[in-house]
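A.B. asks: sequence first, predicted coordinates after that:
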Amino acid sequence: MAGCIEFSGISKLFPGVRALADVSFRADSGQVLALLGENGAGKSTLLKILSGDVKPDGGRISIDGAEQSFQSPTDALRAGISVIYQERQLVPAGSVAENIFAGDLPGRSGVVDYKALYEQTAEIIGKFGLDIDPDEPVGRLPIARQQMVEIMKAYRRDSAIIAFDEPTASLTDSEISILFRLINELKESGKIIIYVSHRLSEIFQISDKITVLKDGCLVTTLETARTDEAELIRAMVGRDLGDTYAKLSRNDRLGDTLLEVRDLETEDVHGVSFTLRRGEVLGFAGLIGAGRTEVMRAIFGADRILSGAVVFDGREGGFKSPKEAIDAGVALCPEDRKEQGLVLFRSIRDNITMPVLQKLKRLLFLDKRAGHKLAQSAIARYDIRTPSADKAVVELSGGNQQKVILGRWTSDMMDTKLLILDEPTKGIDVGTKAEVYQIICDFAKQGIGVIFISSELTEVINVADRILVMKGGRITGELTRAEATEENVLALAMKDV
Amino acid sequence: MTGTKAGKFLRGKIAALIAIIIVVGAIFTIANKSYISPKNIMSLMTSISLSGTLAVGLGCLLISGHVDLASGTEGCIAGIVVALLLGTGMPWPVALLLTVVFGCVMGLVHAFLVHVLGFMAFIATIGMSSVYKGLALVISNGANVSISNQAFYTIGSGSLGIFPLPFIIMTVLFIVYSLILKYTKFGRAVYLCGGNVNAARLAGVSPKRVSTILFVNCGAISALAGAIFAARVHMGGPNNVWGAEMDGIAAAVLGGVSFMGGSGNLGGAFVGLILINAFNNGLNAIGLQAYWQTAAQGVILIAALLVDYFGERGRVRALKAAS
């Protein structure tokens, strides 16, 4: 078993982006090393180099002093390295067992031994303490379970070095505790664990050392026991965020009622009632699957309303389609920005001007210059980091992609009255999050009603003026910002109804 | 375990297709008793065997996430090649072997286009099919090349009992490749590559290697199918075989092989094949006008897809209700 892995002087240049520059650190057997950094700091690239997926331009990786040269993922696997990616690498139609043993099915002389396969899989599932049928197609499992299958896959390989890339992103609390128990077991058995996460609290819970990256460079490596959140955030963003929330410049003038929802019933939503005033930031808290997104979809005209009323801007009857909602001034920024929000391979300009193409029409053609101006003003207003408005959105970091969506719905040509943000800070870094909070408050100042959905308790209770908590498609409580604490919101989010 | 497996099968797509076959067969039999006569069944089995043999190679490729739209024209040109080789007086086993090797070379060309030049299999093989069609015309001078080797005819028109030899060859191929797909590590790697290429690569499987083997395999099987057809009709001709690949693909997809790769199996493709052909044959048996037959063939395909669509929707609903 390997004693340590050393990264020395790793560099990687992508077209136009310096992903990594002279990064050196080491991880030791029996320890969890956390990799921390904002989006675009180079963590993912580093993991791809570790797994042999990407070749570095300079520097070397050595295990126990022996230099490694990975030509392909196969080489890295042979050297005892397993990387668990954030994007699940599973075959949906394949069984749980086959996915766990992908590329390495038990058997002799090319013939698969299904009996051994299912037995060994059942054994691994048992170790994880989960109730999953080894024969079940992975695509039929809930997302959190699929993520566990991905983790079991790496566990099965029994690699000496295991790297996790944001493993808890879609896990429930009980699954997170199973994962942490296993990571601790792996660590005690002398494995080298590299753990990438945005969630600071997790990093303190699980890691022994923390290596911080920023803009592709190594900032520092700290002992977990001898540091605190403030120091880490300083290292990550290069400045002291201090109390982000206290510094927010909020709107203090609420207008009249903009949206009223009464006894809303859909397939997934039950008896939801609330109101929203102009200039108000209304937070929706709750665990994943609490029905918050479904409420918004119903308001937006994307899901069928079974009964109840939606009154928007004095207009009764709700919306029959998203187009009606958009025309009336409702903008929805969906949670999955890559799938439902952006056209990834089109430019920033195309993405921003999408809903106002009609207005940009001059005779038969689009007024390109006006579109460009619109995009430029969004880039300037939200500080979108890009060389030009023509850059494809796919090349931007997650935080900048989110800013493009915000820019789209709030451009000068839009008359947005209600802005619904579903997990707008998901997967974006601390520095950009603070910017997004201020953007939200600025919307409110313009008299826009904002609905802010977030699963991160701290942000939702500190940014919103009023917080509604949901569970199982129902509202379980309402709190003002002054009343809300992480404890009482969480209690409502888990309340039995 | 066996109980649940049987249950799964009964609720599955293949069971539904078999039920449709039985119903369709019963209706045709009522309409015309000669539908289930040994003579008609034999002719059905013979007519199935060309597109069925192509479906074996195509099915494997489809599962791996690729396709070979040239496989019919590969069969066409292979038929001419085998006829020309036999014309030189060469013993038929040698001629057949060389023809299959020729098929491998065509498959290798497709793998080259897809992996080295990075074209999509769909368009690369459409392009190559045109090349093969043209070459078939060139080497045959635009005319049928007749075969006079009597021994060679047996492959195409011999039979064991009521089973025509081409049908037996096809069935053996179906069984062998089903076993390979289900029980070998290579076979499972085919599903892995088709289901998620990236996952396969990161698990240490080489998707390029897997699909290169399958392209070559598809070329070889297509050439074999073309040679068998030539043996049956006693000639290789520039208008033979091509077009049959579409029936093969339709049969595979109807039987549950995903056009996107990663799921399905050859058993399903076999059942799909029987359904399409039993139906087409039945239309003849009841004497439907030829023009209407073409339309009816399309209708059965769409109908089978509808059954599947509603079945899948039911399953999704049940899953939702359960969770």
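C.D. replies: Cool, got the structure. Keep in mind that this is a model prediction, so the values were computed, not measured.
A.B. asks: hey, let's count contacts and neighbours off CA atoms from now on
C.D. replies: Will do.
A.B. asks: contact partners for the residue positioned nearest the centre of chain B?
C.D. replies: Residue closest to the mean C-alpha point of chain B, counted by Cα atoms, centre = their mean, is B:A55 at 1.2 Å. Going by Cα atoms under 8 Å, 6 or more residues apart in numbering or on different chains, B:A55 touches B:245, B:248-249, B:251-252, B:269.
A.B. asks: before we move on, which element is it in?
C.D. replies: Using DSSP states H and E, B:A55 falls within helix B:38-63.
A.B. asks: how about that helix: buried residues?
C.D. replies: Applying a neighbour-count criterion of 16 or more other Cα atoms under 10 Å in any protein chain shown, one finds B:41-42, B:44-63 buried in helix B:38-63.
A.B. asks: average pLDDT for that helix?
C.D. replies: Mean pLDDT, helix B:38-63: 93.
A.B. asks: repeat that for stretch A:2-10.
C.D. replies: 90.
A.B. asks: do stretch A:420-427 as well
C.D. replies: Here stretch A:420-427 scores 85 as its mean pLDDT.
A.B. asks: CA atoms of that stretch as CSV?
C.D. replies: Taking C-alpha atoms only, stretch A:420-427 is exported to CSV below (Å, rounded to 0.1, in the frame of the first residue of the first chain):
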residue,chain,number,x,y,z
ILE,A,420,-37.9,33.2,-9.2
LEU,A,421,-34.4,31.9,-8.4
ASP,A,422,-34.2,28.2,-7.8
GLU,A,423,-30.9,27.4,-6.0
PRO,A,424,-29.0,30.3,-7.7
THR,A,425,-25.8,29.7,-5.7
LYS,A,426,-25.6,26.0,-6.2
GLY,A,427,-22.0,25.0,-7.1
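A.B. asks: neighbouring contacts of that stretch?
C.D. replies: Contacts for stretch A:420-427 (Cα under 8 Å, 6+ apart): A:39, A:198, A:293, A:296, A:330-335, A:398-399, A:402, A:433, A:436, A:450-455.
A.B. asks: mind listing which of those residues are in helices?
C.D. replies: A:293, A:296, A:398-399, A:402, A:433, A:436 (DSSP state H).
A.B. asks: residue ranges with poor pLDDT in the chain?
C.D. replies: In the absence of a named chain, chain A is used. Residue ranges of chain A with pLDDT under 70: A:1, A:15-17, A:39-40, A:237-242, A:427, A:429, A:496-497.
A.B. asks: oops, I was thinking of chain B
C.D. replies: Applying pLDDT under 70 to chain B picks out residues B:1-11, B:308, B:311-312, B:314-323.
A.B. asks: interface residues of the stretch 51-200 of chain B facing chain A?
C.D. replies: B:183-186, B:189, B:191-192, B:195-196, B:198-200 (Cα under 8 Å from any Cα of the partner chain).
A.B. asks: just among those residues, which is most surrounded?
C.D. replies: Ranked by the number of neighbours (other Cα atoms under 10 Å in any protein chain shown), these place B:L192 first, at 33 neighbours.
A.B. asks: for that residue, phi and psi?
C.D. replies: For B:L192, the backbone dihedrals are phi -60, psi -50 (criterion: degrees, to the nearest 10).
A.B. asks: quick check: it touching B:A200?
C.D. replies: Yes - B:L192 is within contact range of B:A200, at 5.7 Å (criterion: Cα atoms under 8 Å).
A.B. asks: so what sits against both of these two?
C.D. replies: Shared contacts of B:L192 and B:A200 (Cα under 8 Å, 6+ apart): A:102-103.
A.B. asks: quick one on the thing from earlier: quick check: what element follows the helix holding B:A55 along the chain?
C.D. replies: Counting by DSSP H and E, the next helix or strand C-terminal to helix B:38-63 is helix B:71-87.
A.B. asks: can you dump the C-alpha atoms of that following helix in PDB for me?
C.D. replies: Taking Å, rounded to 0.1, in the frame of the first residue of the first chain, the C-alpha atoms of helix B:71-87 are listed here in PDB:
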ATOM      1  CA  SER B  71     -24.200  -3.400 -43.900                       C
ATOM      2  CA  GLY B  72     -26.800  -4.100 -46.600                       C
ATOM      3  CA  THR B  73     -24.500  -2.800 -49.300                       C
ATOM      4  CA  GLU B  74     -21.600  -4.700 -47.800                       C
ATOM      5  CA  GLY B  75     -23.700  -7.800 -48.200                       C
ATOM      6  CA  CYS B  76     -24.400  -6.800 -51.800                       C
ATOM      7  CA  ILE B  77     -20.800  -6.300 -52.800                       C
ATOM      8  CA  ALA B  78     -19.800  -9.500 -50.800                       C
ATOM      9  CA  GLY B  79     -22.300 -11.400 -52.900                       C
ATOM     10  CA  ILE B  80     -20.700 -10.200 -56.100                       C
ATOM     11  CA  VAL B  81     -17.200 -10.900 -54.700                       C
ATOM     12  CA  VAL B  82     -18.100 -14.500 -53.800                       C
ATOM     13  CA  ALA B  83     -19.600 -15.000 -57.200                       C
ATOM     14  CA  LEU B  84     -16.500 -13.700 -58.900                       C
ATOM     15  CA  LEU B  85     -14.200 -15.700 -56.700                       C
ATOM     16  CA  LEU B  86     -16.200 -18.900 -57.400                       C
ATOM     17  CA  GLY B  87     -16.000 -18.000 -61.100                       C
END
